[in-house]
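just coords:
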């Protein structure tokens, strides 16, 4: 299943690529992470008791992909920098 990326997360990806010293490497890491999530949505760590998961990119890439799986889709709600404003994206999570 191909993950659906919400507009806020799309903007965060675009901003990260714009400021990256190696945008090609970052783009490759993002594409691989999204493919891994699409192939196995349970690959990442669950965030608390919610249905949301955090896939942490490896290497020198300080970002995480935050997503949830429903019956119909995998929804990416944030592309979050691991050291900046922790949890800022939590208001994007549906309450249900």
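Arrived safely. It should be emphasised that the depicted structure is a prediction, and the values quoted were computed from it without experimental measurement.

Report the buried residues of stretch 29-47.
Judged by neighbour count using 16 or more other C-beta atoms under 10 Å, the buried positions of stretch 29-47 are 29-30, 33-34, 37, 41, 44, 47. (C-beta placed from N, C-alpha, C; glycine too.)

likewise stretch 61-78?
Under the neighbour-count criterion of 16+ other C-beta under 10 Å, stretch 61-78 has 61, 63-69, 74-78 buried.

Need the pLDDT of the residue nearest the centre of the chain.
Residue closest to the average C-alpha location in the chain (C-alpha atoms, centre = their mean): residue 65, at 1.5 Å. Residue 65 carries a pLDDT value of 96.

Quick check: chain neighbours aside, which residue is closest to residue 23?
residue 17 (4.7 Å; C-beta to C-beta, 6 or more residues apart in numbering).

all helices of this protein, in order?
Ranges of helices in the chain, per DSSP state H, are 7-19, 23-39.

Reformat the ones you listed as JSON lines; add mean pLDDT and distance to residue 51.
Shown next, in JSON lines, are the helices of the chain (pLDDT from 0 to 100; distance: least, C-beta to C-beta, whole Å):
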{"stretch": "helix 7-19", "mean pLDDT": "96", "distance to residue 51": "17"}
{"stretch": "helix 23-39", "mean pLDDT": "95", "distance to residue 51": "14"}
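
This completes my enquiry, with thanks.
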